[in-house]
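# sequence and predicted structure are below.
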Amino acid sequence: MRHRDRHPADVVASVEAALEPLLLVWGRAAEQVHPRVSAPQLRALLTIARHGVINLRRLGEEIGAIASSTSRLCDRLQAAGLITRHSGTADRREVLLRLTPEARRLLAELEEARRVDLGTVLGRMTPEGQRALLCGLREFGAAAGVVGSLREKPA
């Protein structure tokens with residue numbers, strides 16, 4: 001459901017300002033893995049982790065990269081020992097990607113750092129504030145699922 005009676009520019013600016021501390025806390029944890037992987041590489045690793053096994057084409061679609069860029073990104077991840085590539089069983093031309101144990105360790109470190117940092121901040125909030133944040137983030141997440149389709153259609 002859309003709520004057009006609100007002032008979108010004001011709401012967007014307020015949400016940006018409100019999200020900044022969350023993004024800083026979230027980003028602090030990511031900085032711990034950045035010396036080893038770049039932001040695009042981390043995004044690719046997280047996408048592969050979410051799927052378990054994913055083909056090269058689908059990874060490119062999900063991270064918003066063209067095929068050649070996705071392939072080069074995976075070259076670097078494979079050279080770093082973070083992913084493996086295998087040919088598909090049904091179609092030998094299909095390239096399947098999986099995380100290595102090293103990549104899983106790296107992502108576990110990231111997840112733990114995020115949990116510690118978020119836990120620290122949430123511990124400073126009231127239970128009511130925590131519930132309100134969770135409720136708002138869930139609604140935001142549900143609405144964000146349609147963002148891609150909204151961009152494809154003219155307003």
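Cool, the structure landed.
# C-alpha from now on. contacts and neighbour counts both.
OK.
# in the helix or strand hosting residue 107, what counts as buried?
Here residue 107 sits within helix 101-123, counting by DSSP states H and E. Residues of helix 101-123 classed as buried: 103, 104, 106, 107, 109, 110, 113, 114, 117 (neighbour count, 16 or more other C-alpha atoms under 10 Å).
# same check on stretch 85-98?
Those would be 85, 95, 96, 97, 98, for stretch 85-98 by 16+ other C-alpha under 10 Å.
# got it, and stretch 40-56?
Within stretch 40-56, the residues that count as buried by 16+ other C-alpha under 10 Å are 41, 42, 44, 45, 46, 47, 48, 49, 53, 54, 55, 56.
# list of residues touching stretch 27-39?
With contact meaning C-alpha atoms under 8 Å, 6 or more residues apart in numbering, stretch 27-39 is reached by 106, 110, 111, 113, 114, 117.
# for stretch 125-145, the distance to its chain's centre please.
Centroid displacement of stretch 125-145 relative to its chain, using C-alpha atoms, centre = their mean, to the nearest Å, is 18 Å.
# average pLDDT across that stretch?
Average pLDDT, stretch 125-145: 91.
# extract the CA atoms of that stretch and return them as PDB.
Extracted C-alpha coordinates of stretch 125-145, given in PDB (Å, rounded to 0.1, in the frame of the first residue of the first chain):
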ATOM      1  CA  MET A 125      17.900   1.200  23.800                       C
ATOM      2  CA  THR A 126      14.700   0.700  25.800                       C
ATOM      3  CA  PRO A 127      12.700  -2.500  25.100                       C
ATOM      4  CA  GLU A 128      10.000  -0.300  23.500                       C
ATOM      5  CA  GLY A 129      12.600   1.300  21.200                       C
ATOM      6  CA  GLN A 130      13.900  -2.100  20.200                       C
ATOM      7  CA  ARG A 131      10.400  -3.300  19.300                       C
ATOM      8  CA  ALA A 132       9.700  -0.100  17.400                       C
ATOM      9  CA  LEU A 133      13.000  -0.400  15.500                       C
ATOM     10  CA  LEU A 134      12.300  -4.100  14.600                       C
ATOM     11  CA  CYS A 135       8.700  -3.300  13.500                       C
ATOM     12  CA  GLY A 136       9.900  -0.400  11.300                       C
ATOM     13  CA  LEU A 137      12.700  -2.500   9.800                       C
ATOM     14  CA  ARG A 138      10.400  -5.400   9.000                       C
ATOM     15  CA  GLU A 139       8.000  -3.000   7.200                       C
ATOM     16  CA  PHE A 140      10.900  -1.400   5.400                       C
ATOM     17  CA  GLY A 141      12.200  -4.800   4.300                       C
ATOM     18  CA  ALA A 142       8.800  -5.800   3.000                       C
ATOM     19  CA  ALA A 143       8.500  -2.600   1.000                       C
ATOM     20  CA  ALA A 144      12.100  -2.800  -0.300                       C
ATOM     21  CA  GLY A 145      11.200  -6.100  -2.000                       C
END
